[in-house]
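Trainee: Build me a model:
(chains A and B)
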Amino acid sequence: MMDELLSGLLRSIADITDVPTVGAYNIRKDGEGISRRSTETVQIEPKTDKPGIDIRVMPFSKAEKVHIPVVITKSGVNDVVYNDFFIGEGADVEIVAGCGIHNSGCETSEHDGIHRFFIGKGAKVRYVEKHYGEGDGTGGRILNPTTIVELGENAVCEMEMVQIKGVDSTLRDTTARLEKGAKLTVFERLMTHGDQTAHSNVVIELNGTDSSAQIVSRSVAKDRSEQVFNPRAIGNTLCHAHIQCDSIIMDEAHIRSIPEIAANHCDAQIIHEAAIGRINNDQLTKLRTLGLTESEAEAVIIEGFLK
Amino acid sequence: MLELKHVSFQVDDGNRELGILDDVSFTLEDGRFFVITGPNGGGKSTLARIIMGIEKPTAGQILLNGRDVTGLDVTERARLGIGYAFQQPPRFKGLTVRRLLSLAHGSDLPEDECCAYLTNVGLCSRDYLNREVDASLSGGEVKRIEIATLMARELEVAIFDEPEAGIDLWSFAMLVQSFKNLSRGRHKSVILISHQERIMQLADEILVVADGKIRTRGSRDEVFPGLLGQFDEDCGFRGKEEAAQ
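Mentor: The predicted structure follows:
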């Protein structure tokens, strides 16, 4: 059985409270792997040259959900981890990652996860990454994820990247390269509050004919927090890409959205849309006419927006 | 029972005061189905928004069941049983039809009840329950969902602001039937702002508002014949001057 703190963090980032009953998993706590299981279709091995794991999904397998959560419960931990995912040709897998930090001390706790995905021909990956921070200490909670995705021919990857709350500072770097017919969807949801800062850089290179990418970013910035988005889509061949950044700004927050689209081929079709604005007054009024208070209405609107 | 006593509403357009409503008084007894009609820009929607508390009157009093609610805000009035279906309802990213109906109802609505409300407004319910009330829905669909949110509540006074706008003729016939049932159903009294002859025929009473004043008030049989010459081919209200030409 796990202690309550660990269970709570796991619930917030991976929808589990204990070791998963089925499927491969690796739980990393305060800089060390504490529990791990491989299955017939998914092999998880620790790296020998640096901290981290290699996750191999067998070709043409339909694997159970894979959980690889990271939790930090101590103050002053600086954890850098390198995880590589090798997804075999034609495999189909869902991977639930994520990091939760509980910092009740005065020193900064930081986790930098460097994830690389090598997705084989025709393979399908659904990747969910949730980041969450808690604890009443004065020490900072910092998460800097780097994600690199190589999509093979006709591979499909859906990435849902969520920062729920409580992360003081984050710098997210996501890079993807798509081969012929590959399809990538990135759905990013972010909420910042207090004095938090969040920077998100996404670079998508569409290198293969008929590849396509969609990046949807939805964020809410409250209090004095600051967010910067820099999604870039580069079309090098016949391809489609759509970037959509939508932010709600509240209080004294600051948001910058700098989408960039580039075409290096006359059959590249790339679109971007970006919008920043406060909560629509008519939406608030409508919900208030149903009997909700202004703050209840705000919460419903934000919950829906970030769903 | 809803009472309006000498309600006025003025706005300052920067240079001068504009009167939108001027000394409007009326009483709406429980169990009555009230249609407010009149030319565009005459003050009908403002009157509805003042009853809901979205706009504050510059003079006058509003009483609900004898209680002065003039100083109460939108939320407080909603909790006392006033409901308002917007003429142009807002859309919500991520909010499903089912969630919106549940919020209106005040608790989680079982699927079959949600479906019944949607069917009443002419929507094939199972297709809509988990759809988001966002830009993917047409104007007519959003409008019908808006009407369903009021039908999901039990209200002292339900106000529908031009519910027919943007709704096709086939659905309109169904809506008229739903409003007919509504008049004997969940809400104690109903105010319907409309230009439509067929909706006016449902009314116990008709109130004609023009230039911020009540021009005529009376039972359907008293008021309706006098309005007939004022409708165009599409049953829209043309206003007295236009009709006289």
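
Trainee: which residues does the residue of chain B found nearest chain A contact?
Mentor: As assessed by Cβ to the nearest Cβ, chain A sits closest to residue B:94 within chain B, at 3.2 Å. Heads up, the C-betas are built off the backbone N, CA and C, glycines and all. By Cβ atoms under 8 Å, 6 or more residues apart in numbering or on different chains, residue B:94 lies in contact with A:303-307, B:132, B:134.

Trainee: shaky segments in the chain?
Mentor: Just going to use chain A. A:1-2 (pLDDT under 70).

Trainee: if you could check chain B rather than the one you did, that'd help
Mentor: B:169-170, B:183-186, B:229-245.

Trainee: Quick one: name the residues of it near chain A.
Mentor: B:52, B:54, B:73-75, B:78-79, B:83-84, B:86, B:89-90, B:92-95, B:99, B:103-104, B:106, B:132, B:149, B:153 (Cβ under 8 Å from any Cβ of the partner chain).

Trainee: what about burial for those residues, which qualify?
Mentor: B:52, B:54, B:74-75, B:78, B:83-84, B:86, B:89-90, B:92-95, B:99, B:103-104, B:132, B:149, B:153 (16 or more other Cβ atoms under 10 Å in any protein chain shown).

Trainee: that older thread, okay, the residue of chain B closest to chain A and residue A:216: tell me how far apart.
Mentor: 12 Å (Cβ to Cβ, to the nearest Å).

Trainee: helices or strands next to the one helix or strand residue A:157 maps to in the packing?
Mentor: According to DSSP states H and E, residue A:157 maps onto strand A:156-165. Helices and strands touching strand A:156-165, by 3 or more Cβ pairs under 8 Å, 6 or more residues apart in numbering or on different chains; DSSP states H and E, are strand A:124-134, strand A:146-151, strand A:169-178, strand A:183-192.

Trainee: Out of the residues of chain B next to chain A, name the ones that lie in strands.
Mentor: Per DSSP state E, strands hold the following members of these: B:83-84.

Trainee: Restricted to helices, list the residues of chain B next to chain A.
Mentor: Those of the residues of chain B next to chain A mapping onto helices are B:52, B:74-75, B:78-79, B:99, B:103-104, B:149, per DSSP state H.

Trainee: The residue nearest in space to the middle of chain B in helix, strand or coil?
Mentor: Centrality entry for chain B: nearest residue to the mean C-alpha point is residue B:160, 1.7 Å, by Cα atoms, centre = their mean. Three-state call for residue B:160 (DSSP: H, G, I helix; E, B strand; the rest coil): strand.

Trainee: how about it, what does it touch?
Mentor: Going by Cβ under 8 Å, 6+ apart, the list of residues near residue B:160 reads B:85, B:147, B:150, B:179, B:190-194.

Trainee: which two in the residues you listed are spaced the farthest apart?
Mentor: B:150 and B:194 (14.5 Å; Cβ to Cβ).

Trainee: hang on, the earlier thing: so which of the contacts of residue B:160 belong to helices?
Mentor: Using DSSP H, those in helices are B:147, B:150, B:179.

Trainee: The second one reaches residue B:100, doesn't it?
Mentor: No. With contact defined as Cβ atoms under 8 Å, residue B:150 does not reach residue B:100; the gap is 11.5 Å.

Trainee: returning to that earlier point: can you list contacts of the strand holding residue A:157?
Mentor: A:12, A:117, A:119, A:123-133, A:143, A:145, A:147, A:149, A:151, A:170, A:172, A:174, A:176, A:182-193, A:198.

Trainee: Would you give the sheet partners of the helix or strand hosting residue B:5, along with the direction of each?
Mentor: In this assignment (DSSP H and E), residue B:5 forms part of strand B:2-12. Taking DSSP bridges as the criterion, strand B:2-12 sits next to strand B:17-28 (antiparallel), strand B:59-64 (antiparallel) in its sheet.

Trainee: of all these, which lies closest to residue B:227?
Mentor: strand B:17-28 (17.5 Å).

Trainee: Quick check: neighbours of the following helix or strand past that closest one in the sheet, parallel or antiparallel?
Mentor: Sequence order places strand B:33-37 as the next helix or strand after strand B:17-28, per DSSP H and E. Here strand B:33-37 has these sheet partners by DSSP bridges: strand B:189-193 (parallel), strand B:205-210 (parallel).

Trainee: Quick one: residues in contact with the last one.
Mentor: The contact list for strand B:205-210, computed with Cβ under 8 Å, 6+ apart, reads B:24, B:26, B:32-39, B:42-44, B:47, B:200, B:214-220, B:223-224, B:227, B:239-240.

Trainee: what about the strands in the stretch 151-300 of chain A?
Mentor: Using DSSP state E, counting those that start in this stretch, the strands found in the stretch 151-300 of chain A span residues A:156-165, A:169-178, A:183-192, A:197-206, A:211-221, A:226-235, A:239-249, A:254-257, A:260-263, A:268-277.
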